[in-house]
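Visitor: Fold the stuff below for me.
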Amino acid sequence: MRKKTLFLFLILGLLLGMSVTPAFAAKPLDVHIEVYKPIGVNHVPFTATGDAVDKGLVCAFGTEEDLSVDVVNTNRRFTTLKILKRFTCGDGSGTFNIRMTVKLFADSHTTANWRVVAGTGDYTRLKGHGKLYGTPIVPEVSIFDVYDGKMK
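Guide: Numbers count the residues shown, from 1 in each chain. As a prediction, the model looks like this:
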């Protein structure tokens, strides 16, 4: 029964000249975001590139800020943090929030998994996830974060 209903919907859509591609069928697009961040400073610039930017799914530049940072665990090797970040697009198109679970290694680098959890404006339906790799510029003073992932 479901297949028959879907088939009829597709035929009707074609006859009416409507797009019949379901919204959930959108292919995730690559995104690459870079942020140079002094530790503890908010509203720092970000730049984004990749197919998600080229296709207009996400903006190419704006500012990034920490909404919350919670220490979950600390040991000799690394500290685990839960971080909620907001990216505000410089073109006025909206904001999107990313939640991350971060491993901050004592003397070397930062890694994280991230996921888009909310958005405003053009980004209310944005979905995405990926990995973050952070490299200290000056240890405990500034970091260069690279977010690589997929958005749709």
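Visitor: which residues touch Val141?
Guide: Taking CB atoms under 8 Å, 6 or more residues apart in numbering, we find Val141 in contact with 38-39. C-beta: built from backbone N, CA, C; applies to glycine.
Visitor: how close does it get to Ser93?
Guide: Distance of Val141 to Ser93, computed by CB to CB, to the nearest Å: 32 Å.
Visitor: Low-confidence bits of the chain, can you list those?
Guide: 1-25 (pLDDT under 70).
Visitor: residue ranges for the strands of it, please.
Guide: 29-38, 44-49, 61-74, 78-89, 95-105, 110-119, 128-138, 142-151 (DSSP state E).
Visitor: Let me know the angle separating the fourth one from strand 95-105.
Guide: Our comparison of strand 78-89 with strand 95-105, counting by axes from the mean of the first three to the mean of the last three CA atoms, to 10 degrees, yields an angle of 160 degrees.
Visitor: and the nearest residue to Lys85 once chain neighbours are set aside, how many residues sit next to it?
Guide: Of all residues not flanking Lys85 in the chain, Ile98 sits nearest, at 4.9 Å (CB to CB, 6 or more residues apart in numbering). Using other CB atoms under 10 Å, Ile98 has 24 other residues around it.
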